[in-house]
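>>> what follows is a predicted protein model with its sequence.
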Amino acid sequence: MWSGISLLDGVEAVGAAVWAVRGWLLLVLAVVAAGGVGVRAWWLRRAREAALGPGRETRLGFDEVQAVLLAGWETAAELLPGLVSDPAGLSWAAPPTTELRMTCEQPASNGVLPSLDTLLDLAPLGTNDEGTRSLLAVTITATPAMERTERRSLLREALVHMAHEFGCVDADADLL
């Protein structure tokens, strides 16, 4: 299911998708749940400029990025499986994993994907030794049900791991 919010000029600015499937996988009853959040960067810039005034920072702050990733992870890991079945009564077909991604999926007018740092304030991750990127991702293997404080801590650790893997060697969980 995809749901979008259209604000300026009737253009969809923010959208979210969630889906869950219950079925047989390798002779075991399994549930697959996923969620995603999409933000149209050009619209975000226009909306933030309109709200904040010209010359102000229009990129999403890293605290906002973390809040979106945390909410998406909670939705996919806890809410969706409960809608399909009682998660406690199901067997795992594989270790539960969550992939967290930040990506620029829409090319600029020149056909090149913009770098994430044009849309997101990545300064808390430190300097990047490998140049700009249009994608950052990390996979977390962990139990789906956990307290929010534990999930937030694990998210920060995963983001630091992701930052290190993508060349941000100074990233530290205490700085996020």
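Arrived safely.
>>> can you show me the CA trace of the helix or strand harbouring R101 as PDB?
Using DSSP states H and E, R101 maps to strand 97-103. Only the C-alpha atoms of strand 97-103 are listed here, as PDB (Å, rounded to 0.1, in the frame of the first residue of the first chain):
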ATOM      1  CA  THR A  97      17.000  -8.400   9.100                       C
ATOM      2  CA  THR A  98      16.300  -4.700   8.500                       C
ATOM      3  CA  GLU A  99      17.900  -2.700   5.700                       C
ATOM      4  CA  LEU A 100      18.100   1.100   6.300                       C
ATOM      5  CA  ARG A 101      18.800   3.200   3.300                       C
ATOM      6  CA  MET A 102      19.300   6.800   2.400                       C
ATOM      7  CA  THR A 103      19.300   7.200  -1.400                       C
END
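>>> buried residues in that strand?
T98, L100, M102 (16 or more other CB atoms under 10 Å). Every residue, glycine included, has its C-beta placed from N, CA and C.
>>> who's in contact with the second one?
Residues in contact with L100, defined by CB atoms under 8 Å, 6 or more residues apart in numbering, are L69, G72, W73, A137, V138, T139, I140, L155, A158, L159, M162.
>>> then the last one?
Counting by CB under 8 Å, 6+ apart, M102 makes contact with V65, L69, L116, L120, L135, L136, A137.
>>> do a quick rundown of the helices in the protein.
41-52, 62-74, 80-84, 148-165 (DSSP state H).
>>> save these as JSON lines, and put in mean pLDDT and mean neighbour count too.
Converted to JSON lines, those look like this (pLDDT from 0 to 100; neighbours: other CB atoms under 10 Å):
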{"stretch": "helix 41-52", "mean pLDDT": "67", "mean neighbour count": "14"}
{"stretch": "helix 62-74", "mean pLDDT": "85", "mean neighbour count": "17"}
{"stretch": "helix 80-84", "mean pLDDT": "67", "mean neighbour count": "17"}
{"stretch": "helix 148-165", "mean pLDDT": "92", "mean neighbour count": "17"}
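>>> can I get the contacts of L100 in a markdown table with distance to T149?
Shown next, in a markdown table, are those (distance: CB to CB, whole Å):
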| residue | distance to T149 |
| --- | --- |
| L69 | 15 |
| G72 | 18 |
| W73 | 14 |
| A137 | 24 |
| V138 | 19 |
| T139 | 22 |
| I140 | 16 |
| L155 | 11 |
| A158 | 15 |
| L159 | 16 |
| M162 | 20 |
